[in-house]
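>>> sequence below, structure please.
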Amino acid sequence: MFKSVWVLGHFRGIRLEIHVSWLIIFALIMVSMTTGLQQQHPDWTTADAALTAFVTVLIFFASILAHELGHSLVAIRRGVPVTAITLFIFGGMAQMSRDPEQANDEFWIAVAGPAVSFALAFLFGVLAWVTAGWYEPIPVALGWLSMINLVVAIFNLIPGFPLDGGRVLRALVWKVTGSTQRGNETAIASGRFLAYGLFGLSLWNMLVMGNLVGGLWIMLIAWFLLTMNHAQSRMYLLRDRLAGVRARDLADPDVPFVAAGQSIEEWLRDQVLVSGRRAFLVGSPTHVLGLVSLSDTQRLPQEQWPRTPVSEIMTPADALHHVAPDDKADDILQLMNEHSLNQVPVMARGHASGWIDRQRLLRMIELHLEVKR
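Numbers count the residues shown, from 1 in each chain. Next comes the predicted model:
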């Protein structure tokens, strides 16, 4: 099966990956840079220009990765989990499992990326100066890397969400007003203004300046920024409308249980296939021993199911994620996303009082949004 994302590895628990769209921008920059180098340095061979472009573009994307790692490491230091960094056609994105809870955290996480790019621009600039008398492609490549990292840093500081500058603006308004909603509204409005401005600039380039390729590229960037802005706006609206919704409002009081000594085969035959449920708590409402799901059965070959109790394959209670009746709906959704959970029990003083699975959570959230609309 074709994969749209390739995992490069992990760093400090952060998954590093490349989206297939990255190949498009890599090829475009590679071709345009090779052509540009041949025009600027007619004495270079095609191999010199192509090799210089190839190495330079690779280092450039490593710089983008470093930019996103700047965001990610500061986020982790301030208690915001980061699951992955993805390189794609428009650069890179750090996937944080939740937003910062303090304006100061938002500010420092946002400025960390541009700070890394500014530092890289300075470093490459110094190296270009030091190597000025060396083999010519080296200082040329270093000079280009210095310039492009400077452009990345400055562009990202434009105060329009989802750019880093938009997050800085959000943090400042949040800090001054004490209102996350005011900060969100300001950052989203500035992002839309930026996107529409870029749409106008793209039309100017195409219709007035006759630069069709440049205009289309700017329009593509504007579309991406507007799409991301709209998605973030919907997320903020979701959290606002879910305010006051608790786990007890979402939980199914009919909690499925299975006895610890029941065999896997009996459990599947008598409870899973009959009820259509994929997961059960093991034990009783007053004594929860763990949780067993259909995927847990894959730990053992099927011929062992008749003589193996479900307690052998369950997740023990002390390793089980659960929520309290008063936990907020967006916190529950965040917990399930962070740990890739399909179900979570609602526990009160050691007793199981309810059960929330992902489908029920999303369905109940949709109903609450529809009613509040």
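
>>> the helix or strand of the chain with the lowest mean pLDDT packs against which elements?
Ranking every helix and strand in the chain by mean pLDDT, DSSP states H and E puts helix 358-372 at the bottom, with a mean of 72. Applying 3 or more CB pairs under 8 Å, 6 or more residues apart in numbering; DSSP states H and E, we find helix 358-372 packed against helix 212-241, helix 247-250, helix 329-338. (C-beta placed from N, C-alpha, C; glycine too.)

>>> and after the second one, which helix or strand comes next?
Read that as helix 247-250. Where DSSP states H and E defines the elements, the next helix or strand beyond helix 247-250 is strand 257-258.

>>> avg pLDDT for that following strand?
For strand 257-258, mean pLDDT is 90.

>>> show residues contacting the following helix or strand past that strand.
Using DSSP H and E, the helix or strand that follows strand 257-258 in sequence is helix 264-267. Under the contact criterion CB atoms under 8 Å, 6 or more residues apart in numbering, helix 264-267 has outside partners 258, 280, 292, 297, 300, 304, 305, 306, 308, 309, 310, 313.

>>> just the buried residues of those residues.
For the contacts of helix 264-267, a burial check counting by 16 or more other CB atoms under 10 Å picks out 258, 280, 292, 297, 305, 308, 309, 310, 313.

>>> so the third one lies in a helix, does it not?
The one in question is residue 292. No. Assigned with DSSP: H, G, I helix; E, B strand; the rest coil, residue 292 falls outside any helix and is strand.

>>> what bridges to it?
Beta-bridge pairing for residue 292 (DSSP bridges): residue 280.

>>> same thing with the first one?
Beta bridges link residue 258 to residue 282 when assigned by DSSP bridges.

>>> that one reaches residue 290, doesn't it?
No. Judged on CB atoms under 8 Å, residue 258 makes no contact with residue 290 at a distance of 10.1 Å.

>>> coming back round to it: of the contacts of helix 264-267, which is the nearest to residue 44?
Nearest to residue 44 among the contacts of helix 264-267: residue 297, at 62.7 Å, using CB to CB.

>>> can I get the contacts of helix 264-267 in TSV with secondary structure and distance to residue 217?
Formatted as TSV, those follow (DSSP: H, G, I helix; E, B strand; the rest coil; distance: CB to CB, whole Å):
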residue	secondary structure	distance to residue 217
258	strand	58
280	strand	54
292	strand	53
297	helix	51
300	coil	55
304	helix	59
305	helix	58
306	helix	63
308	coil	59
309	strand	62
310	helix	57
313	coil	53
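
>>> hmm, which two among those residues are most spread apart?
280 and 304 (19.0 Å).

>>> measure residue 207 to residue 198 for me?
From residue 207 over to residue 198 the distance is 15 Å, taken as CB to CB, to the nearest Å.

>>> neighbour count for these two, which is higher?
Counted by other CB atoms under 10 Å, residue 207 and residue 198 do not tie: residue 198 has more neighbours, with 20 against 11.
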